[in-house]
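Enquirer: pasting the sequence and the predicted coordinates here, then a few questions.
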Amino acid sequence: MLILNKTAGVFSKQSKRKVYEFLRSFNIYPGPPSLHKLVLGIETSCDDTAAAVVDETGNVLGEAIHHQTEVHLKTGGIIPPVAQQLHRENIQRIVQEALSASRICPSELSAIATTIKPGLALSLGVGLSFSLQLVDQFKKPFIPIHHMEAHALTVRLTNKVEFPFLVLLISGGHCLLALARGVSDFLLLGKSLDMAPGDMLDKVARRLSLIRHPECATMSGGRAIEHLAKQGNRFHFDIQPPMQRAKNCDFSFSGLQNITNKIITQKEKEEGIEKGQILSSAADIAAAVQHTTACHIAKRTHRAILFCKQRELLPQSNAVLVVSGGVASNSYIRKALEIVTSETQCTLLCPPPRLCTDNGVMIAWNGIERLRAGLGILHNTEGIRYEPKCPLGVDISKEVGEAAIKVPRLEMKI
């Protein structure tokens, strides 16, 4: 009962009984020894319940994921208690499906890796509670995972990428630039001072009522903006990128959201429609806000590359920029970054779109990376807690700002 007492409140008594029945359903006697290290990864940092089994060669033996998108579209955004309940309802099934697909018995696992930071507290708690019960039942090492580190290292599963490399992580909940020097060795060059780009795009989509648009009704806000922007003319609205005078690598998106909201309100008055109806200029607004977002992200990334090369933190030639996170699947933003990497003689690498969004594979792979490096492997989970807020690496953003590197103007012909 020790583990259940430590995580009291995350699962109801009925849920705990189901978990124990689930655990007892497995054969805990060891099968034939595996030739490779095997890690079960569990991800519940936000609104996706995901699990995967990955081996040390990068083979994904089994994976499963439950998306909460439809529910959150109806509620107008992620409501933490709702996300928590959906994780509770689905985590057992998702882990079972990943293990069944892998044909791996839990007793054969080398370790269990789980996201414990950063993220929504209520969501993180479900994943941690469930994982600790697995760890206790099967007597396996536990590897706590930093969500952003997992995103940063996913590219090493799909590509042969050596350290150091530059990482741009852009999603609905995060936005940062960091230099990856090792598995658990990061220098933070810049981060969003307010909101993440995916969150901003989602809110603009909600303000434009794109859920009522026949082509966008089933899409997330960011995807709806990208889809509609292809039909629009970005030149119809002049939205300037934020922080143009700040010579650092930090980001800001709240001002961009506010400016866009004012434009939408003005156009609603001009067109004589009520809030909640679709503007005839919705596609043009989507195109303008997407372009400005891409330019802002590209300029900060350009400065980060120049800073790292100036300080010899990256090689002068054949440097690598890795872009991951949900917003990395936006093709328009990727094209803006391709212009930057072409100018700076860097290679741009992005994991496949399915691995850019939250998933169990990246958590399991981060576990493999940490097993190899012998870092953060716990044999005693007493006192382990989730951390809703947690920076990535050592913050040197002040040093980046003091360098005041001027970025050459690039023509963003996308």
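Expert: Sure, I can see it.

Enquirer: and Val340, what element?
Expert: Assigned by DSSP states H and E, Val340 falls within helix 331-343.

Enquirer: packing partners for that helix?
Expert: Here helix 331-343 touches helix 221-229, helix 282-310, strand 319-324, strand 346-349, going by 3 or more CB pairs under 8 Å, 6 or more residues apart in numbering; DSSP states H and E. From N, CA and C alone the C-beta is placed, and that goes for glycine too.

Enquirer: swap the cut-off to 6 Å and go again
Expert: With contacts taken as 3 or more CB pairs under 6 Å, 6 or more residues apart in numbering; DSSP states H and E, helix 331-343 sits against helix 282-310, strand 346-349.

Enquirer: and the strands in the stretch 51-200 of the chain?
Expert: Applying DSSP state E, counting those that start in this stretch to the stretch 51-200 of the chain gives strands spanning 60-67, 111-117, 142-146, 165-170, 175-182, 185-191.

Enquirer: closest one to Thr357 among those strands?
Expert: The closest of the strands of the stretch 51-200 of the chain to Thr357 is strand 60-67. By CB to CB, the value is 8.9 Å.

Enquirer: and the contacts of the closest one?
Expert: By CB atoms under 6 Å, 6 or more residues apart in numbering, the residues outside strand 60-67 that reach it are 48-54, 90, 94, 97-98, 101-102, 360-361.

Enquirer: of these, which is the most crowded?
Expert: Highest neighbour count within the contacts of strand 60-67: Ala51, with 34 neighbours (other CB atoms under 10 Å).

Enquirer: and Arg93, what is it in contact with?
Expert: With CB under 6 Å, 6+ apart, Arg93 has no contacts at all.

Enquirer: distance to Pro81, mean neighbour count and mean pLDDT for the strands of the stretch 51-200 of the chain - can I get that in TSV?
Expert: Below are the strands of the stretch 51-200 of the chain laid out as TSV (distance: least, CB to CB, whole Å; neighbours: other CB atoms under 10 Å; pLDDT from 0 to 100):
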stretch	distance to Pro81	mean neighbour count	mean pLDDT
strand 60-67	17	19	96
strand 111-117	19	27	98
strand 142-146	24	24	98
strand 165-170	27	27	98
strand 175-182	25	23	98
strand 185-191	27	22	98
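
Enquirer: minimum distance to Ser329: which of those strands has it?
Expert: strand 165-170 (9.8 Å).

Enquirer: adjacent strands (with direction) for that closest one?
Expert: strand 175-182 (antiparallel), strand 319-324 (parallel) (DSSP bridges).

Enquirer: can you list contacts of the shortest one?
Expert: Residues outside strand 319-324 that contact it (CB under 6 Å, 6+ apart): 151, 154-155, 161, 165-169, 341, 346-351, 356.

Enquirer: ok, the first one next?
Expert: When contacts are taken as CB under 6 Å, 6+ apart, the neighbours of strand 175-182 outside the stretch itself are 152, 163-169, 186-192, 196-197, 249, 251, 304, 308, 313, 392-393.

Enquirer: ok, stretch 255-275 next?
Expert: With contact meaning CB under 6 Å, 6+ apart, stretch 255-275 is reached by 200, 203-204, 207, 239, 242, 279, 281, 289.

Enquirer: nearest to Gly58 among those residues?
Expert: For those, the nearest to Gly58 is Met200 (33.8 Å; CB to CB).

Enquirer: thinking the closest one is in contact with Phe253, fair?
Expert: Yes. Assessed by CB atoms under 6 Å, Met200 is found in contact with Phe253 at 4.0 Å.

Enquirer: which SS state does the nearest residue to Cys356 once chain neighbours are set aside fall under?
Expert: Computed as CB to CB, 6 or more residues apart in numbering, the closest residue to Cys356 that is not its neighbour in sequence is Ala328, at 4.6 Å. Secondary structure, DSSP: H, G, I helix; E, B strand; the rest coil: Ala328 is helix.

Enquirer: got the contact list for Ala328?
Expert: Contacts for Ala328 were tallied using CB under 6 Å, 6+ apart; they are 170, 350, 356.

Enquirer: and what of Pro241?
Expert: Per CB under 6 Å, 6+ apart, neighbours of Pro241: 292, 295-296.

Enquirer: show the buried residues in those.
Expert: By neighbour count, with 16 or more other CB atoms under 10 Å, those hold 292, 295-296 as buried.
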